[in-house]
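S.K.: Fold the following and give me the result.
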Amino acid sequence: MKSLLRQWQARREARVLARRAIPDPLWHLTLARLPFLAMRSEDDLAELRRLASLFLDQKEFTGAGGLAVDDAMAVCIAAQACLPVLRFGLAPYAGFVGIVVHPDEVMARREVIDDDGIVHAYDEVLSGEAMAGGPVMLSWTDVAEAGESADWGYNVVIHEFAHVL
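M.R.: Numbering: from 1, shown residues only. The predicted model follows:
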């Protein structure tokens with residue numbers, strides 16, 4: 001029975017990879033934008049590309065605030081999101097579908113109740129947020145700057161997808 005399931009899964013994955021294969025020019029553009037990915041081994045890059053293709057098939061990208069998410073943006077996000085699961089696959093990301101991309105940071109209204117029962121309301125500036133069960137929210141400005149911000153240890157996509165894990 002396990003053998004039949006594995007065969008079915010392999011055929012399904014092959015169909016998805018054929019349908020959602022990331023074109024070479026788009027993959028090379030992504031690696032040029034994200035040098036921290038490009039420095040990985042050829043085997044790692046091949047697996048990252050495979051996972052990113054499967055990820056793109058499973059997730060729905062929505063632009064907010066007038067932003068239109070194009071293929072280059074989606075692949076840029078997918079490649080970074082798949083890095084934390086490079087060695088064990090996409091199963092940890094099965095619990096959500098939506099990725100909402102805002103043009104820039106967003107303001108979120110927060111309320112907390114302290115130990116004395118007093119409600120404190122404040123505004124929080126967010127470049128990303130992973131909500132239980134989804135969606136994951138990202139600021140495109142922060143995503144687009146990932147190649148540069150990696151030098152100082154900041155990556156909103158990897159950070160938010162680590163929360164999903």
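S.K.: got the phi/psi numbers for the closest residue to F96 other than its chain neighbours?
M.R.: Closest residue in space to F96, ignoring its immediate chain neighbours: G134 at 2.6 Å, by C-beta to C-beta, 6 or more residues apart in numbering. Quick note: C-beta positions are derived from backbone N, CA and C, even for glycine. Backbone geometry at G134, expressed as degrees, to the nearest 10, gives phi 90, psi 170.
S.K.: my read: G134 touches A94, true?
M.R.: No - using C-beta atoms under 8 Å, G134 makes no contact with A94, being 10.5 Å away.
S.K.: Give me the more crowded residue out of these two.
M.R.: Neighbours per residue (other C-beta atoms under 10 Å) separate G134 from A94, with G134 holding more: 17 against 9.
S.K.: Show me the shaky parts of this structure.
M.R.: Within the chain, the stretches with pLDDT under 70 are 1.
S.K.: does the residue of it most remote from its centre count as helix, strand or coil?
M.R.: Taking C-alpha atoms, centre = their mean, the residue of the chain most remote from its mean C-alpha position is D116, at 38.9 Å. The local conformation at D116, judged by DSSP: H, G, I helix; E, B strand; the rest coil, is coil.
S.K.: Please report how far D57 lies from I22.
M.R.: 11 Å (C-beta to C-beta, to the nearest Å).
S.K.: follow-up on the earlier one: would you list the phi and psi of the residue farthest from the centre of the chain?
M.R.: phi -90, psi 0.
S.K.: What strand or helix carries the residue nearest the centre of the chain?
M.R.: With distances taken as C-alpha atoms, centre = their mean, the residue of the chain nearest its centroid is A81 (3.4 Å). Assessed by DSSP states H and E, A81 sits inside helix 71-82.
S.K.: what's that helix in contact with?
M.R.: Helix 71-82 is contacted from outside by 22, 26-27, 29-30, 33-34, 37, 48-49, 51-53, 55-56, 59, 61, 90, 93, 99, 101, 138, 140, 143-144, 146, 155, 157-158, 161, using C-beta atoms under 8 Å, 6 or more residues apart in numbering.
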